[in-house]
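Trainee: predicted model and sequence below, questions to follow.
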Amino acid sequence: MGLPITLSEIAPRISAGAFILNSGLGKRGADEEAAAGMHGFAAGTYPFLGKMEPKQFAQALSTAEIAIGAALLTPFVPTAVAGAALTTFSGGLLGLYLKTPGMRKEGSLAPTEQGLAIAKDSWLLGIGIGLLVRGTVDREPRRVRRAAKTLDKANKRAAKARKRLSD
């Protein structure tokens, strides 16, 4: 049985996975000040997060990043699953970029100096969507391919048999 990933998926999974895993590990031991900064920034855009304690938020964010990074780096996690997780996570990051005042230039999607740190993560959304599409649309299950091949062979044999009978 082969792995549920292809060679073309390895590079984007490693680059995004290592980046996110490292980010999550870096947040693991966030002090009160760092946790409050992350929490305040996120809660300003997503008010429902304001109900969480800053340390709890930093811990949850760290855990989510570690889990997503590990899923991307683990070859037996299906590409569609890893892509869906990355797309969801990066969509949240881009939501921060789009909804937080001062992140973008007036009337534009172009980042300001403050928005550059988050806008650069748009590549994560691109990788996530690519993996999600690759894992769902571009793949036929192996059984389906084998069945199609077997059916094709059977059809060829039947055509040969019909030809022999008609001769």
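Mentor: In hand now; what should we look at?
Trainee: what comes up buried for the helix or strand where Ala58 lies?
Mentor: Element membership of Ala58, judged by DSSP states H and E, is helix 54-73. For helix 54-73, a neighbour-count test (16 or more other Cβ atoms under 10 Å) marks 54, 57-59, 61-62, 64-66, 68-69, 71-73 as buried. Every residue, glycine included, has its C-beta placed from N, CA and C.
Trainee: run through who's touching it.
Mentor: With contact meaning Cβ atoms under 8 Å, 6 or more residues apart in numbering, helix 54-73 is reached by 13-14, 16-25, 27-28, 30, 32, 34-36, 38-40, 42-43, 49, 52, 77, 81-82, 85-86, 89.
Trainee: and if you look at stretch 12-29?
Mentor: 5, 34, 38, 58, 61-73, 79, 82, 86, 89, 123-124, 127-128, 130-131.
Trainee: rerun at 10 Å
Mentor: For stretch 12-29, the surrounding residues in contact (Cβ atoms under 10 Å, 6 or more residues apart in numbering) are 5, 34-35, 38, 57-75, 77, 79, 82-83, 85-86, 89-90, 121, 123-124, 126-128, 130-131, 134.
Trainee: let me know the secondary structure of the closest residue to Gly50 other than its chain neighbours.
Mentor: For Gly50, ignoring the flanking residues on the chain, the nearest one in space by Cβ to Cβ, 6 or more residues apart in numbering is Ala43 at 4.1 Å. State at Ala43, reduced to three classes by DSSP: H, G, I helix; E, B strand; the rest coil: helix.
Trainee: tell me how far Ala43 lies from Gly115.
Mentor: Ala43 is 18 Å from Gly115, where distance means Cβ to Cβ, to the nearest Å.
Trainee: and if you look at Gly92?
Mentor: 15 Å.
Trainee: these two: who's more crowded?
Mentor: Using other Cβ atoms under 10 Å as the criterion, Gly92 and Gly115 rank with Gly115 on top: 19 against 15.
Trainee: nearest residue to the more buried one other than its sequence neighbours?
Mentor: Met103 (3.3 Å).
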